[in-house]
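**Student:** Output the structure for:
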Amino acid sequence: MNTSLVAVQSILRSFLPDIRGYLHTDGYQGYHSLPEDITVVGCWAHARRKFDEAVKSLPKGKAKGSSASQGLAYCNLLFEIEQGLAEKTAKERYNERLKQAKPVLDAMFAWANSKTAAPKSALGKAFTYLNEQWPYLTNYLKDGRLELSNNRAERSIKPFVIDRKNFLFANTPKGAKGSAIMFSLIQTAIENGLDPYQYLTWLLKNTNKADLKNPDMPEKLLPWNAPAGCRTK
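**Tutor:** A predicted model of the protein is given here:
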């Protein structure tokens, strides 16, 4: 194991010392050595992307009926099932996934293990990703609250990834910490149906005159306690 990966795993353990339950991530190997009471849930959007890239790598007219297209079709079917379960309760979604998605997953796994492809080809990389990530990709079946992909999280951090190119001090530890705090506040506001500008304005005004040594004060400043004027609806 390379030293950078060991360092990342150490940071993750220190960053998530009290986390229990499920952790939704991409396929980065650093997440796969966390304590046993953390269940890593993989991302099917990443698995699908591999097969989509394999389809696009084929010569024109060769995609139809190919193994790459079959793999992509399996992934698409899983996403179609999820769309049909969007309005279900977590318990209903759990039960329906076992009825609808698990047979597809079983069939896909058996199919994938019957195929071969050059390891360095796009299709070979898709099969490798699928096989290596399979235990994590199927963990979403364990709880109806879990999602098929971590796209929501990735969409949330995308503004930061784009904006940091324009941040003069983003390449320093203090700059990174400041950016992380600000974007965490903004994205948390959005997730709670708040207008980020209105919420930050309210937050800064109240923080300025609040007794921050009072242990009850932070709770009063959280997004779900913001006034109606901060809400987008």
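**Student:** neighbouring contacts of stretch 125-141?
**Tutor:** By C-beta atoms under 8 Å, 6 or more residues apart in numbering, the surrounding residues in contact with stretch 125-141 are 22, 25, 27, 32, 39-44, 46-47, 50-51, 53-54, 68, 71, 94, 97-98, 101-102, 105, 109, 112-113, 115, 117, 119, 146-148. No exception for glycine: its C-beta is placed from N, CA and C like everyone else's.
**Student:** Return the members of those classed as buried.
**Tutor:** Listed as buried from the contacts of stretch 125-141 are 22, 25, 27, 39-44, 46-47, 50-51, 54, 68, 71, 94, 97, 101, 105, 109, 112, 117, 146-148; burial here means 16 or more other C-beta atoms under 10 Å.
**Student:** Out of those residues, list just those in helices.
**Tutor:** Members of these lying in helices (criterion: DSSP state H): Trp44, His46, Ala47, Lys50, Phe51, Ala54, Ala68, Gly71, Tyr94, Leu105, Phe109, Ala112.
**Student:** Low-confidence stretches in this structure?
**Tutor:** Along the chain, segments meeting pLDDT under 70 span 1-13, 15-17, 160-161, 164-170.
**Student:** Spatially central residue for it, please.
**Tutor:** Geometric centre of the chain, nearest residue: Asn150, 2.2 Å, by C-alpha atoms, centre = their mean.
**Student:** mind listing the strands for the protein?
**Tutor:** Assigned by DSSP state E, the strands in the chain fall at 21-24, 38-41.
**Student:** Residue most distant from the centroid, this structure?
**Tutor:** Going by C-alpha atoms, centre = their mean, the residue of the chain most distant from its centre is Lys209, 36.9 Å out.
**Student:** Please convert the strands of the chain to a markdown table, extending it with distance to Asn76.
**Tutor:** A markdown table is the format used below for the strands of the chain (distance: least, C-beta to C-beta, whole Å):
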| stretch | distance to Asn76 |
| --- | --- |
| strand 21-24 | 21 |
| strand 38-41 | 20 |
